[in-house]
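Enquirer: test case, fold it:
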Amino acid sequence: MSLSTFCYRLAWVCGLALLLLPACTERYIPDVISSPNSYLVVDGFINSQGISSIKLSRTTAIAATKVPPVETKATLFIEEEAGTRYPLTENPLGTYTSANLTLNPAKRYHLRINTFAGKAYTSDFAPVKTTPAIDAVTWETNPDGLNILVDSHDPTNATRYYRWECDEAWEFNTPYRPIVEYVNGAIRPIAVPYPDYCWAFGTSTAITIGKTTALTQDVVSKFPVRYLPSSSARLQRKYSVLVQQYALTSEEYAYWDLQRRNTESLGTLFDPLPSQVKGNLHNVGDASELVLGFVGVHSRAEKRIFINHAQLPRTWVTITGYESCEPPDTALVGQLDGLLAGGRLYVPIYPFYTKTGYIFGYAISTPVCVDCRKRGSALKPSFWP
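Expert: This next block holds a predicted model:
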């Protein structure tokens, strides 16, 4: 989950809690929610064995309707304590990336940000945490859905605190593949067929963390990192998940744990009030300014798996989003100009014939029901088998 998403959820929970207070109670809006100030949000980590990517944005007031602005034209460095500086470059706007780095595990590092407006921010110096490899990513089904599970271990017992993210991709297709097309007022065999399959992508927004501090060995066994209901459209044909694992310090784990508690709150009177999540960033010239985010220093381990629909229980029925497409509509020959002109409302799929072999009409459907590019990409991912 990005920090911007967290800020929106925190504001929503606070607002809902206020609405549930008795009417005779004087309304109170916390300063951080009602303030017109625009606080810096720093989203990312220092990758000790690869490319670091840091996103900068600004918070907006709870009543704002605009998308929060990104922080552009800033100057960022990864700095080694009493040592080397590594610059980050902006591309695209608001996202800053480093070169492919290998940092010294015996040193401490932090992030320095100089904004275009002249303010300077830094994260606290932090030690390098080397993330152990993922031993296995497996899956299991229950009557209601699918669990993605992770196995990992650190033989040195030095990790103890973990966080996981899941990047997903899935293959899907539309109910129909047209064999004809409507061009210049006439039906003809289709010249460029629609794609057979497309791919969509997503990232799990859940905050998934775990710790092994209560165990004698630093072992993670069958830890659930993603759940999909049996009806999920992601399971229509083939589903893939890339599980990314991060080793955390105890301070970074506490930060993510509090963020998880805030975002998972239901916002009722019986829930604890959301807490202000303080990270490890601060304004160099004004310690009182709120800065949102936590920049850790660690490597990343990852492992990808694929799941075919044929491997899942036969009783599972996925809700694809194409249910309204079936059955197709019918357009008689005399109706074609009104229904098919421009291809915006309907497109033809295949002809209907009389018993004597004459075409009297065509099966038609909306573009989204025949063109999977309306919901995804026809470009096959490089990692797809």
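Enquirer: CA atoms for contacts and neighbours, from now on please.
Expert: Noted.
Enquirer: separation between Val42 and Val219?
Expert: Per C-alpha to C-alpha, to the nearest Å, Val42 is found 31 Å from Val219.
Enquirer: when these two are compared, which one has more neighbours?
Expert: Each of Val42 and Val219 has its neighbours counted (other C-alpha atoms under 10 Å); Val42 has more, 24 against 18.
Enquirer: show me the contacts for that one.
Expert: Counting by C-alpha atoms under 8 Å, 6 or more residues apart in numbering, Val42 touches Leu3, Ile54, Lys55, Leu56, Ser57, Val291, Leu292, Gly293, Phe294, Val295.
Enquirer: the fourth one is in contact with Val41, isn't it?
Expert: Just to be clear, that refers to Leu56. Yes - at 5.7 Å, Leu56 counts as touching Val41 under the criterion of C-alpha atoms under 8 Å.
Enquirer: what's stretch 85-102 in contact with?
Expert: 47-57, 70-73, 75-79.
Enquirer: tell me the pLDDT at the residue nearest to Gly50 when sequence neighbours are not counted?
Expert: Nearest residue to Gly50 in three dimensions, chain neighbours excluded: Asn100, at 4.6 Å (C-alpha to C-alpha, 6 or more residues apart in numbering). Confidence at Asn100, expressed as pLDDT, is 98.
Enquirer: now the helices for the stretch 251-385 of the chain?
Expert: With DSSP state H, counting those that start in this stretch as the criterion, the stretch 251-385 of the chain has helices at 336-340, 367-370.
Enquirer: so where's the stretch 251-385 of the chain shaky on pLDDT?
Expert: Scanning the stretch 251-385 of the chain for pLDDT under 70 picks out the ranges 265-276.
Enquirer: the strands in it, which residues?
Expert: Using DSSP state E, counting those that start in this stretch, the strands found in the stretch 251-385 of the chain span residues 281-283, 291-292, 297-298, 300-308, 329-332, 347-353, 359-365.
Enquirer: and the contacts of the first one?
Expert: Yep, that's strand 281-283 we're talking about. Strand 281-283 has contacts (C-alpha under 8 Å, 6+ apart) with 119-124, 289-295.
Enquirer: ok so, going back, could you look over the helices of the stretch 251-385 of the chain and pick the most buried one?
Expert: helix 367-370 (a mean of 20; mean count of other C-alpha atoms under 10 Å).
Enquirer: export it as CSV, just CAs?
Expert: Output of helix 367-370 as CSV, limited to C-alpha atoms (Å, rounded to 0.1, in the frame of the first residue of the first chain):
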residue,chain,number,x,y,z
PRO,A,367,-16.9,-3.3,-28.0
VAL,A,368,-15.9,-4.3,-24.4
CYS,A,369,-17.4,-7.7,-24.9
VAL,A,370,-15.2,-8.5,-27.9
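Enquirer: and it, what does it pack onto?
Expert: Judged by 3 or more C-alpha pairs under 8 Å, 6 or more residues apart in numbering; DSSP states H and E, helix 367-370 is in contact with no other helix or strand.
Enquirer: centre of the chain to it, how far?
Expert: A distance of 26 Å separates the centroid of the chain from that of helix 367-370, by C-alpha atoms, centre = their mean, to the nearest Å.
Enquirer: pLDDT weak spots in the stretch 1-150 of the chain?
Expert: 1-36, 62-66.
Enquirer: ranges for the strands of it?
Expert: Ranges of strands within the stretch 1-150 of the chain are 40-47, 49-50, 53-58, 75-80, 85-90, 95-97, 101-102, 108-114, 120-123, 126-127, 134-142, 145-153, based on DSSP E, counting those that start in this stretch.
Enquirer: I'd like the distance between Phe223 and Ser98.
Expert: 32 Å.
Enquirer: more crowded one of these two?
Expert: The neighbour count for Phe223 versus Ser98, taken as other C-alpha under 10 Å, is higher for Ser98 (20 against 17).
Enquirer: nearest residue to the more buried one other than its sequence neighbours?
Expert: Nearest to Ser98 is Leu88, by C-alpha to C-alpha, 6+ apart, at 4.3 Å.
Enquirer: kindly report the same for Ala136.
Expert: Among residues not flanking Ala136 along the chain, Asp151 sits closest, at 5.1 Å (C-alpha to C-alpha, 6+ apart).
Enquirer: including neighbour count and distance to Ala233, could the contacts of Val42 go into JSON lines?
Expert: Formatted as JSON lines, those follow (neighbours: other C-alpha atoms under 10 Å; distance: C-alpha to C-alpha, whole Å):
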{"residue": "Leu3", "neighbour count": "20", "distance to Ala233": "27"}
{"residue": "Ile54", "neighbour count": "21", "distance to Ala233": "31"}
{"residue": "Lys55", "neighbour count": "22", "distance to Ala233": "30"}
{"residue": "Leu56", "neighbour count": "23", "distance to Ala233": "32"}
{"residue": "Ser57", "neighbour count": "21", "distance to Ala233": "32"}
{"residue": "Val291", "neighbour count": "24", "distance to Ala233": "38"}
{"residue": "Leu292", "neighbour count": "23", "distance to Ala233": "34"}
{"residue": "Gly293", "neighbour count": "25", "distance to Ala233": "33"}
{"residue": "Phe294", "neighbour count": "23", "distance to Ala233": "34"}
{"residue": "Val295", "neighbour count": "24", "distance to Ala233": "35"}
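Enquirer: hang on, the earlier thing: neighbours around the residue nearest to Gly50, how many?
Expert: 12.
Enquirer: and stretch 108-128, what's buried?
Expert: For stretch 108-128, burial by neighbour count (16 or more other C-alpha atoms under 10 Å) applies to 108-115, 120-128.
Enquirer: what about it, start to end distance?
Expert: With C-alpha to C-alpha, one end of stretch 108-128 sits 6 Å from the other.
Enquirer: got the end-to-end distance for stretch 260-279?
Expert: End-to-end distance (C-alpha to C-alpha), stretch 260-279: 14 Å.
Enquirer: hmm, I typed the wrong one, I wanted stretch 94-106.
Expert: End-to-end distance for stretch 94-106, by C-alpha to C-alpha: 31 Å.
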